[in-house]
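**Q** one predicted model, sequence on top.
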Amino acid sequence: MNNLGSVLYASRISHRTTAFFRLAPPRRSSHKFPGFLILPILLIVSVGFFPSYFVAAATKSSCPPTPNPLTRTSQIWSGYAACKVDSTGTYVTISSVSGSWKIPKILSCDTTEDSLVFVWVGIDGASDLDSQSTTVEQVGTASKCLNGTITYYAWYEYFVSNSGCFVKPIKDWTPNSGDSMDARLTANAGGTFTLSIMDTTINKPFSISSNSATDCNISSTPRATTAEWILEVPSNHSVPDAEGVTFSGCSFTPQGGAAGSISSASGTAIFTLPLIPSAVPSDPSAAGDSFTISWVSQPGGNGGGGGFGCGTGESPRYCEA
């Protein structure tokens, strides 16, 4: 579920965000406090007790891209990514991202086929909008054909470049094609993320809070600078004969701001997937919160990703299934 293995390889995340706290008003006291100590104490408080849980970019970003929106050809992604910057051109941390879709149906499945398509929402991972991104946090669904057997499942992942992390299928939950899914990711204090997904068709929820250090056994600092809504064909699988997907309710919330649609972003990237000529995202709706990725592929599909699969050192996380 990342755009690793493509010209977008660097896209898995690393971004900083400063945690802000509201101080309670001081109590009035009859004792006077030496004025010359106020500034040093304020500096100690601000530096010593306001940790940066994410890595807020201190320099000008590649958001918005040029041109904006930027259209990129990806080996494995189709969809949209969005970013937000302030008046100085500095990244604004993405506090949350959400989206909804129906699980695409596999239309045919050959006995010699190994094909897979993911649909997900995520934070981080779009290197065209943040070249320093080395991680990605994702939650989504899978439609899979393996040797004539079709399966559907939900999954999540905290991915760090070169960490060997794997996609984690959600256990004790078997969704079906056509089920309606609501997904949301939230960046928390302490560098953790809450990944939530709900199958509203069967009223089945799932949520987990973790980070890459816990989940991948590797220390990393996410940047949380981009939000994504993506259809993906993992690079060590062929393209399935499957339905397309419509994303709806696409929104993201910048830190300290109000939730907005894709159209509210400072910059956007549009990813197209040449393995499936029809897998070009439509323009966002008038409200800017939905789009459709059509799908026309032959049974058995084409090999995905050009050799960036398991054992190549490029994206070992794709060995999950």
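**A** Everything's here; your move.

**Q** mind listing the residues bridging to residue 181?
**A** Taking DSSP bridges, one finds residue 101, residue 199 as the beta-bridge partners of residue 181.

**Q** and for residue 94?
**A** Counting by DSSP bridges, residue 94 is bridged to residue 254.

**Q** surely it touches residue 255?
**A** Yes: between residue 94 and residue 255 a contact is recorded at 7.5 Å, counting by CB atoms under 8 Å. Any C-beta I mention is one placed from the backbone N, CA and C, and that applies to glycine too.

**Q** can you list the low-confidence ranges for the protein?
**A** Along the chain, segments meeting pLDDT under 70 span 1-61, 161-164, 212-213, 217-220, 296-321.

**Q** so where do the helices sit in this structure?
**A** Along the chain, counting by DSSP state H, helices occupy 38-48, 212-215.

**Q** related to what we said a few turns ago, and residue 94 and residue 255? Which one has more around it.
**A** Neighbours were counted for residue 94 and for residue 255 using other CB atoms under 10 Å; residue 94 has more, 29 against 19.

**Q** which ones are touching the more buried one?
**A** 83-84, 123, 187, 224-227, 252-255 (CB atoms under 8 Å, 6 or more residues apart in numbering).

**Q** and the closest residue in space to residue 188 that isn't next to it in sequence, bridged to which residues?
**A** The shortest distance from residue 188 to any non-neighbouring residue, by CB to CB, 6 or more residues apart in numbering, is to residue 194 (6.1 Å). Taking DSSP bridges, one obtains residue 186, residue 209 as the residues bridged to residue 194.

**Q** surely residue 194 is in contact with residue 186?
**A** Yes: here residue 194 reaches residue 186: they are 4.5 Å apart, a contact under CB under 8 Å.

**Q** what about these two, which has more around it?
**A** In this view residue 194 and residue 186 are compared by other CB under 10 Å, and residue 186 has more residues nearby, 19 against 16.

**Q** hang on, isn't residue 84 packed against residue 256?
**A** No: using CB under 8 Å, residue 84 makes no contact with residue 256, being 10.5 Å away.

**Q** residues shared between the contacts of those two?
**A** By the contact definition CB under 8 Å, 6+ apart, residue 84 and residue 256 are jointly contacted by residue 92.

**Q** which of those two has more neighbours?
**A** When neighbours are counted by other CB under 10 Å, residue 84 and residue 256 differ, and residue 84 comes out ahead with 25 against 10.

**Q** and the gap between that one and residue 232?
**A** In this view, residue 84 and residue 232 are 23 Å apart by CB to CB, to the nearest Å.

**Q** so how many other residues sit close to residue 76?
**A** By the measure other CB under 10 Å, the count of residues near residue 76 is 28.

**Q** any idea how far it is from residue 252?
**A** As defined by CB to CB, residue 76 lies at a distance of 22 Å from residue 252.

**Q** circling back to that earlier point, contacting residues for the residue nearest to residue 188?
**A** If you count contacts by CB under 8 Å, 6+ apart, residue 194 has them with 184-186, 188, 207-209.

**Q** pick the one among those residues closest to residue 131.
**A** Among the contacts of residue 194, residue 185 lies closest to residue 131 (CB to CB), at 21.5 Å.

**Q** you'd agree that closest one is up against residue 140?
**A** No: look at residue 185 against residue 140 with CB under 8 Å: they stay out of range, at 10.4 Å.

**Q** shared neighbours, those two?
**A** 121-122.

**Q** mind listing the strands for the stretch 151-300 of the chain?
**A** Shown for the stretch 151-300 of the chain, the strands assigned by DSSP state E, counting those that start in this stretch span residues 168-169, 180-187, 193-199, 204-210, 226-232, 241-242, 245-254, 267-272, 291-293.
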